[in-house]
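Asker: Show me how the following folds:
(one chain, ligands or ions: 1)
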Amino acid sequence: MAHAIRLRQEHIDAMVKHALEDAPIECCGILAAVDGEVVSVHRARNVEASPYRFSIHGLEQRRIEEAIDESGAHLAGFYHSHTGSEARPSPTDIRMMNAFFGPPYVHFVIGVSDRENPVVRVFYIEDGASSEQEFEVVH
Ligand SMILES: [Zn+2]
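Answerer: A predicted model of the protein is given here:
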């Protein structure tokens, strides 16, 4: 099976750092890619400011997507953290993302309930469900 997405260790580190900084509030952000390989990680503000859910303001999302477009990359997907639960999309995450961000968009969930051992997993969301995918760390 082809990897859903490729990224560098620095991109993983950036998502984990964001998750640890914002815990117990969920963090969130957007990934840009070129040819299936992540080129940048964009932090966004969780307007819910909640430990249980996240959402990105529509205007902020549009501003980030425009910046990604202008840089010649494309929207690869999203990341957010789970600060007290398992690192997989919640029913709320699936409901929110199902309509517009199915494959090839990826959804990283960064689990930081154990701060010493962050968990990084990536999923596709479609047909009202999530399916875990593999990612590749490139050098
Ligand atoms: Zn979630």
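Asker: so Gly29 makes contact with Arg43?
Answerer: Yes. Counting by CB atoms under 8 Å, Arg43 is a contact partner of Gly29 at 4.7 Å. All C-beta atoms are positioned from the backbone trio N, CA, C, and that covers glycine.
Asker: what's the overlap in contacts for those two?
Answerer: Taking CB atoms under 8 Å, 6 or more residues apart in numbering as the criterion, Gly29 and Arg43 both touch His18.
Asker: Neighbour count for the two, which is higher?
Answerer: Neighbour count, other CB atoms under 10 Å: between Gly29 and Arg43, Gly29 has more, with 23 against 17.
Asker: How about whatever helix or strand the more buried one lives in and the ion, any contact?
Answerer: In this assignment (DSSP states H and E), Gly29 forms part of strand 28-34. No. Strand 28-34 is not in contact with the ion by CB under 5 Å from the ion; minimum separation 8.8 Å.
Asker: pull the CA atoms of that strand into CSV?
Answerer: These are the backbone C-alpha positions of strand 28-34, laid out as CSV (Å, rounded to 0.1, in the frame of the first residue of the first chain):
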residue,chain,number,x,y,z
CYS,A,28,-5.0,22.3,15.6
GLY,A,29,-3.4,23.2,12.3
ILE,A,30,-3.0,22.7,8.6
LEU,A,31,-0.5,20.8,6.5
ALA,A,32,0.8,21.9,3.1
ALA,A,33,2.3,19.4,0.6
VAL,A,34,3.9,19.2,-2.8
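Asker: pLDDT (mean, whole number) over that strand?
Answerer: For strand 28-34, mean pLDDT rounds to 98.
Asker: Need the contact partners of the following helix or strand past that strand.
Answerer: Scanning forward in sequence from strand 28-34 by DSSP H and E, the next helix or strand is strand 37-44. Strand 37-44 is contacted from outside by 5-8, 11, 14-15, 18, 27-33, 56-57, 60-61, 64, 67-68, 71, 73, 76, 79, 138, using CB under 8 Å, 6+ apart.
Asker: what residues are up against the spatially most central residue of the chain?
Answerer: In the chain, the residue lying closest to the centroid (CA atoms, centre = their mean) is Tyr79, at 1.2 Å. By CB under 8 Å, 6+ apart, the contact set of Tyr79 is Met15, Cys27, Cys28, Gly29, Ile30, Leu31, Val41, His107, Phe108, Val109, Ile110.
Asker: Thanks again, I'm all set now.
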